[in-house]
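Trainee: Sequence plus the predicted model coming up.
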Amino acid sequence: MTLLDRRLNAHRADLADMRLKGSVEAERFIEGEAACVVVPVLDIRGAPRADAGLDTQLLYGDAVRVFERSEGWAWIQAERDGYVGYVAENGLGAPGPEPTHTVITQRSFVYPRAELKAPILAAHSMGARLVVTATAETRGTRYALLSTGGAMIADHLRPLSEQAGDYVAVAETFLHTPYLWGGTSGFGIDCSGLVQLSMRMTGRTVLRDTDMQAESIGTATDPAATPLRRGDLVFWRGHVAIMLDGETMLHANGHTMTVAREPLAEAVERIAALYGRPTGYRRP
């Protein structure tokens with residue numbers, strides 16, 4: 001049988017997604033159960049251990065399918081981008097009402113009531129999906145009231161029916177955000193996470209890891225024939241950057257440990273010493 005990428009297909013020797021029956025071998029196939037992320041950021045790991053490496057992250061309101069629960073861990077597949085891995089079981093809850101709004105600022109706080117001076121309950125990242133049931137106003141500040149209780153600054157949210165127009169402009173709001181391997185949130189983000197979350201805010205769903213993005217986003221382009229422009233992606237082995245214009249790029253990187261601007265020519269020379277030269281260019 002064809003060997004399917006385990007990052008995007010839930011299959012092990014003992015258990016697999018029913019949808020993969022006939023494509024993989026496993027002792028047992030199940031449909032899994034629907035669940036929803038109920039914490040601000042939920043880590044997906046490659047093994048059910050707290051010391052296992054971070055592969056990616058889910059955000060509040062993300063839908064998942066659960067194939068196994070064992071000893072405080074859940075083996076899941078994200079509905080949004082298909083990523084498979086293990087998460088802390090207490091970060092999941094039963095599906096609730098369909099989310100109505102998403103966070104559009106890098107981070108935003110949840111207050112116990114419509115009062116910005118109240119001690120905060122939590123903080124959500126850009127991309128978190130919430131259910132807003134009403135609005136309120138205190139001293140001229142508008143608040144969105146949440147179905148789970150609490151309130152957020154209304155201007156930090158946007159109806160899911162509305163989307164940003166320029167993914168690069170979204171990415172630019174992450175300038176100076178700390179770099180986090182496997183990160184996909186406003187609290188810490190990596191290179192492909194920055195691409196994925198920024199595009200998500202424009203209504204575009206793309207795959208998670210750099211190698212996946214290098215094969216699937218847009219079309220390949222050759223800068224020798226077609227000059228690079230804003231929004232083009234530059235790929236290295238294990239890395240991706242977003243072009244801000246024909247000469248400058250933005251990327252979450254382990255060199256500055258932040259999201260940073262950098263001249264493309266300088267980055268190419270610096271990265272070449274460790275990882276080689278760019279492997280490809282794509283135009284979304």
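Mentor: Arrived safely. Numbers count the residues shown, from 1 in each chain.
Trainee: Check which residues of the longest helix along the chain are buried.
Mentor: When the chain is parsed with DSSP state H, its longest helix is helix 264-275. Of the residues in helix 264-275, 264, 267, 268, 271 count as buried by neighbour count, 16 or more other Cβ atoms under 10 Å. C-beta coordinates here come from the backbone N, C-alpha and C atoms, glycine included.
Trainee: What strands flank whichever helix or strand comes after that helix, and is each parallel or antiparallel?
Mentor: On the C-terminal side of helix 264-275, the closest following helix or strand by DSSP states H and E is strand 280-283. Sheet pairing for strand 280-283, assigned by DSSP bridges, gives strand 219-220 (antiparallel), strand 233-236 (antiparallel).
Trainee: Throw the ones you listed into JSON lines and include mean pLDDT, thanks.
Mentor: Listed next are the strands paired with strand 280-283 as JSON lines, based on pLDDT from 0 to 100:
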{"stretch": "strand 219-220", "mean pLDDT": "98"}
{"stretch": "strand 233-236", "mean pLDDT": "98"}
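Trainee: quick one, which of these is packed in tightest?
Mentor: For those, the largest average neighbour count (mean count of other Cβ atoms under 10 Å) is found in strand 233-236, namely a mean of 22.
Trainee: Point to the helix or strand of this structure where mean pLDDT is at its lowest.
Mentor: The least trusted helix or strand in the chain, going by mean pLDDT, DSSP states H and E, turns out to be helix 264-275, with a mean of 94.
Trainee: mind giving me the domain ranges of the chain?
Mentor: The record's domain split for the chain, according to automatic domain parsing, is 16-93, 101-159, 167-283.
Trainee: so can I have JSON lines of these showing distance to residue 9?
Mentor: Below are those laid out as JSON lines (distance: least, Cβ to Cβ, whole Å):
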{"stretch": "domain 16-93", "distance to residue 9": "6"}
{"stretch": "domain 101-159", "distance to residue 9": "24"}
{"stretch": "domain 167-283", "distance to residue 9": "13"}
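Trainee: how many neighbours does residue 151 have?
Mentor: By other Cβ atoms under 10 Å, 26 other residues sit near residue 151.
Trainee: gap between the closest residue to residue 165 other than its chain neighbours and residue 127?
Mentor: Here the nearest residue to residue 165 in space, its sequence neighbours aside, is residue 202; by Cβ to Cβ, 6 or more residues apart in numbering that works out to 6.8 Å. Residue 202 sits at a distance of 12 Å from residue 127 (criterion: Cβ to Cβ, to the nearest Å).
Trainee: Of those two, give the one with the bigger neighbour count.
Mentor: For residue 202 and residue 127, the more surrounded residue by other Cβ under 10 Å is residue 127, and the numbers stand at 24 against 15.
Trainee: I'd like the buried residues of helix 264-275 laid out as JSON lines, including distance to residue 155.
Mentor: Written out in JSON lines, the entries for these read as follows (distance: Cβ to Cβ, whole Å):
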{"residue": "264", "distance to residue 155": "35"}
{"residue": "267", "distance to residue 155": "35"}
{"residue": "268", "distance to residue 155": "39"}
{"residue": "271", "distance to residue 155": "38"}
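Trainee: Nearest to residue 46 among the residues you listed?
Mentor: Distances from residue 46 to the buried residues of helix 264-275, taken as Cβ to Cβ, are shortest for residue 271 (25.5 Å).
Trainee: Not counting its neighbours along the chain, what's nearest that closest one?
Mentor: Nearest in space to residue 271, with sequence neighbours left out and distances taken as Cβ to Cβ, 6+ apart, is residue 236 at 5.7 Å.
Trainee: Which strand residues bridge that neighbour?
Mentor: Under the criterion used here (DSSP bridges), residue 236 is bridged to residue 239.
Trainee: Right, I'll leave it there.
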